[in-house]
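> Generate a structure from the sequence data that follows.
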Amino acid sequence: MDADRALVEAAAGGDRDAFDELVRRHQSAIVGLCRALIEGRGDAEDLAQEVFVRAWKSLRTFRGDSSFRTWLHRVAINAARTHHANRGKLMRLFRPASPHEEDPPDTVEGIDTRLARRDLVERALATLPPDLREAITLRDLQGLDYREIAHALDVPIGTIESRIFRARQRLRPLLAPLVQGRTP
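Coordinates of the predicted model:
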């Protein structure tokens, strides 16, 4: 059962308060997904806003074949693909972090370690082709299950399994320092 079903039905009927609640529930995940799929914190936040505008405009087309969460992720992926097409190039997965973008750690060493780790992950993910990057981002960063990812990307579940496997295989040597507990 989709936990958002009643809110979706109310929002589809024009209830803005219901839609605002859906935004509150999913905003963090959608902003995170947008950050993972395009370069630039400001661009990601703008794209997330565009995702919710698109969702509001097309909410009546939501048939309920998947959960609202999965449908919203699909809207975000399509918006990111449009963003890439409009920019005319593929973007890096994340923009390198700066200390003011995150909660500051307790020490200067903590800041340096977190930034080094994030930069390593960003660079590793940026090496993946878009289809692998989308699949691994939805699974390992957004927490969607394979069925939800397959539905969001409109590909068979076996394809998703393959993409995630291949992405992890490619990332493993690049992220070895993190797995081994070393600071990059």
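
> what about the helices in this structure?
Remark: helices assigned in the chain by DSSP state H are 5-12, 16-37, 41-58, 68-87, 108-126, 130-136, 146-153, 157-174, 176-179.

> Give the buried residues for the second one.
Of the residues in helix 16-37, those with enough neighbours to count as buried (16 or more other Cβ atoms under 10 Å) are 18-19, 22-23, 26, 29-37. Bear in mind the C-beta positions are built from the backbone N, C-alpha and C, glycine included.

> Tell me the one among those nearest to residue 84.
Using Cβ to Cβ, residue 37 comes nearest to residue 84 of the buried residues of helix 16-37, at 8.1 Å.

> Below-threshold pLDDT in this protein: ranges please.
Applying pLDDT under 70 to the chain flags the ranges 1, 39-42, 85-112, 114, 179-184.

> give me every residue that touches the residue nearest the centre of it.
Closest to where the C-alpha atoms of the chain average out (Cα atoms, centre = their mean) is residue 33, at 1.7 Å. Each residue near residue 33 by Cβ atoms under 8 Å, 6 or more residues apart in numbering is listed here: 73, 76-77, 80, 137-138, 141-142.

> Can you select the buried ones among these for me in PyMOL?
In PyMOL, this line selects whichever of the contacts of residue 33 come out buried by 16+ other Cβ under 10 Å:
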select buried, resi 73+76+77+80+137+138+141+142
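
> ok, so of the contacts of residue 33, who is nearest residue 152?
For those, the nearest to residue 152 is residue 73 (4.5 Å; Cβ to Cβ).

> Residue 143 is in contact with the closest one, correct?
No - using Cβ atoms under 8 Å, residue 73 is not in contact with residue 143; the gap is 10.5 Å.

> what separates the nearest residue to residue 132 once chain neighbours are set aside from residue 71, distance-wise?
In this structure, residue 132 finds its nearest non-sequential neighbour in residue 167, 4.1 Å apart by Cβ to Cβ, 6 or more residues apart in numbering. Computed as Cβ to Cβ, to the nearest Å, the residue 167 to residue 71 distance reads 23 Å.

> got it, and residue 127?
29 Å.

> So for these two, which residue has more residues nearby?
residue 71 (24 against 13; other Cβ atoms under 10 Å).

> Can you name the residues that contact the residue nearest to residue 132?
Applying Cβ under 8 Å, 6+ apart, the residues contacting residue 167 are 128, 132-133, 135-136.
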